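In: for reference, the sequence and a predicted model appear below.
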Amino acid sequence: SQQGEEDPQALSIQEGENATMNCSYKTSINNLQWYRQNSGRGLVHLILIRSNEREKHSGRLRVTLDTSKKSSSLLITASRAADTASYFCATDATGNTPLVFGKGTRLSVIA
Amino acid sequence: DTGVSQDPRHKITKRGQNVTFRCDPISEHNRLYWYRQTLGQGPEFLTYFQNEAQLEKSRLLSDRFSAERPKGSFSTLEIQRTEQGDSAMYLCASSPPTGRGLAQYFGPGTRLLVL
């Protein structure tokens, strides 16, 4: 079963704008990861945040984690058309265990 | 190393036939995972291995499904007597030993269509 729920399900923005996606989960975690999937392809790991971290940056990506609310957000700044993809959050209960994915957010960046 | 590879990339089969998929993980990764993804959904866990040992199987993995990783390197996933509901993308991922990273690295997937 899927634990994470991403919000919104779909998001359409203009190139150069920021995109924010949210994820909620149900049980305790060791870490939370965000992945990107281009249409019909495999998933690419973007960023990982551990349960004892609150915020993490990687290039144009910023992830926050609030374990008290069991939620995370992914911010993509200065979006590009190439960012068009589905974005999934995934939780790892104890570390190096099977991931539990949400249903994803479909992001469209219009040039 | 070019990452996780899967073969075939696409498979069309008739209901009732058996199919087998192969996954080659990143060479130094000792954990290997199988997931299934249907249209509009996130991947769902099927099973995973640490070296050659199969550590966990999901309830999604009915008795028609079997997975092996005989030498702790590549893995195969076999579906016997396929059903139309088996149509999905089958994804393989691998991850390094404990202490060397928590991210999983995914292959391109095998898309199965059961007619």
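Out: Ah, there it is. Please read these numbers as outputs of a predicted model, since none were measured by experiment.

In: switch to C-alpha atoms for all contacts and neighbour counts from now on
Out: OK.

In: any stretches of chain A with poor pLDDT?
Out: Residues of chain A that meet the criterion pLDDT under 70 lie in A:1-4.

In: around chain B, which positions in it sit nearby?
Out: Residues of chain A lying near chain B by C-alpha under 8 Å from any C-alpha of the partner chain: A:1-2, A:33, A:41-45, A:48, A:88, A:95-96, A:98-104.

In: which ones among those lie within strands?
Out: In this view, the residues of chain A next to chain B that belong to strands under DSSP state E are A:33, A:43-45, A:48, A:88, A:100-101.

In: which of the residues you listed ranks first by neighbour count?
Out: residue A:88 (31 neighbours; other C-alpha atoms under 10 Å in any protein chain shown).

In: grab the nearest non-local neighbour of that residue.
Out: The shortest distance from residue A:88 to any non-neighbouring residue, by C-alpha to C-alpha, 6 or more residues apart in numbering or on different chains, is to residue A:104 (4.4 Å).

In: isn't the one you found right next to residue B:37, touching?
Out: No: in this structure, residue A:104 is not within contact of residue B:37 by C-alpha atoms under 8 Å, at 11.7 Å.

In: tell me which of the two has more neighbours.
Out: When neighbours are counted by other C-alpha under 10 Å, residue A:104 and residue B:37 differ, and residue A:104 comes out ahead with 30 against 17.

In: rewinding a little: contacts only, for the residue nearest to residue A:88.
Out: By C-alpha atoms under 8 Å, 6 or more residues apart in numbering or on different chains, the contact set of residue A:104 is A:5-7, A:9, A:86-89, B:41-42.

In: what's the answer for residue A:11, then?
Out: Residues near residue A:11 by C-alpha under 8 Å, 6+ apart: A:19, A:105-108.
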